[in-house]
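Peer 1: any chance you can model this:
(chains A and B)
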Amino acid sequence: MTEQENVCETRIRFKFYKKDEFKYLSHLDISRIMIRAIRRAELEIKYSQGYNPKPKIGFSPPTPLGVESMAEYADVLLEGNIDERTFKKKLNSELKPQMLISEARIITEKTENLMNAAAVVLYGFELHICSSDNKGMPGRFYTGLKKDLTTGPDFCNSIFDLKIITAEGSSDIILLKLFGYVKIFKEENNEIFKFNNFYGFFENWLKKYCIDIKNVKKEELFVLCGGILKTPMEVV
Amino acid sequence: MDKIKRLDSDLLGRLLKDIEKPGRYINNEIGTKSKSPGTMEDFQDLILMALVFPDIYEVGMSNLGLQILYEIINKHKCFSAERVFSPWIDFEEKLRKEKVKIFSLENRIFLDSFDLIGFTVQHEFLYTNILNILDMGGIGIRAVDRRNRFPLVCAGGPAIVNPQPLSRFMDFFVIGDGEEVVISILQRVKKYRENNKDKNWFLKEISRLDGIYIPGFYRFYYYPDGRIKSIEPGEKVKKAVIKNLNEFQIVQDPIIPNIKTVHDRFAVEIMRGCSRGCRFCQAGIIYRPVRKREVGSLVRQCIAGLKKTGYDEISFLSLSSSDYGEIGHLLDKITDPSKHGRLSISMPSMRLDSLNLKLFELIQSGRKTGLTFAPEAGSQRMRNIINKNIEEKEMLDCIKMAFSSGWDKIKLYFMIGLPYENDKDIHEITLLVEKIIMAARERLSGKKLARLKINISINVFCPKPFTPFQWVSHDNPGNLDSKFDYILKNVSKRYVNINWTDSKKSRIECALARGNERVGEVIESAWKKGARFDNWTDFFKLSVWEEEFVKAGLDIDLFTRKFSVDEILPWDIIDIGVSKDFLLKEYDRARECL
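Peer 2: Next up, the predicted model:
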């Protein structure tokens, strides 16, 4: 590619979080807030052609209302040349501390859009054991969890993998990492990972082990690249 | 002064679990301006005002007046204003169940910790929400029950130009433009607090300001039939007016809501007041005189505002935008032809005729969303009576032109129950709609014709204080229903959608709008019976309102009847800037059209 061809537009993929109060904002709210911040930062976003021009920006699949996310992604097409650092700095100065860009990278090669490419999502749960008799509980819970979540009819179509880590310094806290499919039955039924339904089911199911969900957070998003899970940043 | 109390942020998190649209309650928008002192002690040095909009967040945040006052107060280093809205039903239930008082958005300060609580009241059906908010704040709803020096409670806005229905609940009212008087009030609140004066001292102090009505200083005497015999003292309260709108810049960095609101755009008031003289219109009188913003500085402020907010839509507000002389120039300077279609412009209350249809097309930049016309009445006779200066031919020409250039959605506003209305006037509404359909058949191709949609909104006329029609009677529900039925039966359904207001609800609205201080008793008891969000059809409790009027020994007809021109009206204590003689003359001129 020659230099002249390179000057007129920049495609950037960026990662941002929404935490604290901003977990109560919907996907549409978040995208509206982001687009307005881009305009305030005087980053010239490109628009589609036609009667009703739309800004060229695409977001990763929605995170449910009330859940914090460390892994929201968006691809944006900007006028002119801009480097990642300036982009991040300019945009962050127009955003609230509850929602900031953590990483930005220029897209040089053609990539699939985030909504379609997203394959697996990682949710981190902080679980609290409520019963007084904790001994052996993590073990029993783990066996039950593995069995019900990966083979039980309510969950197995949603869960790709899971990991359990015992929190340091406290035997009452279990950190559960759940890798869920973003789309269930990709070909037949293009449903986005129904986290809200799952959350309700899961919360009820936990009762039999006297375990409460203390906190839940979307930690990462993965795309499939040559049969391997990679983060959206790793593929650009 | 008592210690200021706030809601703990962890508790807010727990309260918001399973609450619909939690984004309403979380603050943290771009553009908030309340002071955020480091410690609770620092708050003690500030005069704290709660700006309360007694409706949900999405409605309140769409109100420009709230943003204007918020900015003016917070610019002042000694004062801090925070916002409070009505919580939705689910959150109210939660707060009451958990025994948590209502709190402001910015610093989550409980309502009873404020020095001054100011309600902005846009329409009569918000009255019960006001009582509900006071009650949720643990504050006595009646002024006489509030023995403590703080908080002080006041109200302003278009729905309190007749303050009587709310008079028992308020320490004082602010009539007219709030920009200047709000600061004068807060300066006196500061003095009152620092010098430890009593409430009466404070009220006397502010009573010298324009626009301040203090119900406690007046007595009303009644005839046995409920009409007012006299008001003492008789001296009127003069409306507060800002002479020059240009001395107050537009709000260039408003609070930008995080969630979608009713009007989610950059709002600019280009003109206050209206030079048209529609005889039914209250806004046309109470916002007088007409004051225009100078176009040069307006353009600069708009451009700065769009840059600061990142909005892609701007709304030019006034009561009649096409009467703003330099509207073409304004649009020209705001829109950048190289960025076609990226900035949407909305201009409510634009009078459409064939001349400015082109202008309107420019505004819509190619999008043909829909055209709105407000003929208000079907017959020329009736339009003359109400002084709505719109000729049928002119309107039809414009509609024809619109059809020819591809518009296929038309919205029409009519009123029924207007004074001196007869069957022929109602019939002519149906004729006008037929003529529009005919015009569409002539000008729209088969495919387009199939898409034709004419939305008709039929509102019941409700006589309002300070209009030339303030004396006329509210049409009775039986009549109104048969007029509405006639229209429904005689308008072709194929292309037409009709919606209407409930005639019985409108009767309650009239009784609230033209009520005296005793109506306050009804508002209080209706609220106790669960009335709130009365403007939402699903929540409006007609039977509760009707029963409570009966229980209070008040006949609704006392307020909906025809008033005699020489009787004392509940709102006569207010000088709105337009004399009663002028209104009477206009009333006479309406009758001359018969």
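
Peer 1: contacts only, for the spatially most central residue of chain A.
Peer 2: For chain A, the residue nearest the mean C-alpha position is residue A:71 (4.0 Å; Cα atoms, centre = their mean). Residues near residue A:71 by Cβ atoms under 8 Å, 6 or more residues apart in numbering or on different chains: A:15, A:17, A:60, A:121-122, A:218-221, A:231. In this view, the C-beta of every residue, glycine as well, is placed from N, C-alpha and C.

Peer 1: what of residue B:387?
Peer 2: B:276-279, B:586, B:589-590.

Peer 1: same question for residue B:303.
Peer 2: Applying Cβ under 8 Å, 6+ apart, we find residue B:303 in contact with B:333-334.

Peer 1: what about it, which SS state?
Peer 2: helix (DSSP: H, G, I helix; E, B strand; the rest coil).

Peer 1: quick check: it vs residue B:113, distance?
Peer 2: Residue B:303 sits 40 Å away from residue B:113, going by Cβ to Cβ, to the nearest Å.

Peer 1: next one: residue A:2, what pLDDT does it get?
Peer 2: Listed pLDDT for residue A:2 reads 45.

Peer 1: how many residues are close by residue 101?
Peer 2: I'll assume chain A. The number of residues packed around residue A:101, counting by other Cβ atoms under 10 Å in any protein chain shown, is 22.

Peer 1: ah, I was thinking of chain B
Peer 2: 18.

Peer 1: count the neighbours of the residue in the stretch 201-350 of chain B that chain A sits nearest to for me.
Peer 2: Closest approach between the stretch 201-350 of chain B and chain A, counting by Cβ to the nearest Cβ: residue B:310, at 3.5 Å. Number of residues near residue B:310 (other Cβ under 10 Å) recorded here: 21.

Peer 1: do the same with residue B:265
Peer 2: 16.

Peer 1: quick one: it and residue B:317 touch, right?
Peer 2: No - in this structure, residue B:265 is not within contact of residue B:317 by Cβ atoms under 8 Å, at 10.4 Å.

Peer 1: shared neighbours of the two, which are they?
Peer 2: Between them, residue B:265 and residue B:317 share no contacting residue, judged by Cβ under 8 Å, 6+ apart.

Peer 1: what ranges in chain B fall below the confidence cut-off?
Peer 2: By pLDDT under 70, the weakly predicted segments of chain B are B:1-2, B:354-355, B:364-368.

Peer 1: could you break it into its assigned domains?
Peer 2: Chain B breaks down into these domains under automatic domain parsing: B:9-217, B:249-366, B:368-518+B:554-594.

Peer 1: what about residue A:73, neighbour count?
Peer 2: A count of nearby residues for residue A:73, using other Cβ under 10 Å, gives 23.

Peer 1: list only buried entries from the contacts of residue B:387.
Peer 2: B:276-279, B:586, B:590 (16 or more other Cβ atoms under 10 Å in any protein chain shown).

Peer 1: the longest strand along chain A and chain B in contact?
Peer 2: Using DSSP state E, we find that the single longest strand of chain A is strand A:211-225. No - shown here: strand A:211-225 not in contact with chain B (Cβ under 8 Å from any Cβ of the partner chain), separated by at least 10.6 Å.

Peer 1: now that strand: buried residues?
Peer 2: A:211, A:216-223, A:225.

Peer 1: what does chain B put close to chain A?
Peer 2: Chain B comes close to chain A at residues B:16-17, B:22-23, B:25-28, B:30, B:256, B:258-260, B:307-312, B:339-342, B:365-367, as judged by Cβ under 8 Å from any Cβ.

Peer 1: residues contacting residue B:233?
Peer 2: Counting by Cβ under 8 Å, 6+ apart, the residues that residue B:233 touches are B:217-218.

Peer 1: ok, now which ones touch residue B:20?
Peer 2: B:88, B:90-91.

Peer 1: swap in residue A:102?
Peer 2: Here residue A:102 is in contact with A:15-17, A:70 (criterion: Cβ under 8 Å, 6+ apart).

Peer 1: and those as TSV, adding distance to residue A:90?
Peer 2: Output for these, formatted as TSV (distance: Cβ to Cβ, whole Å):
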residue	distance to residue A:90
A:15	16
A:16	14
A:17	18
A:70	22
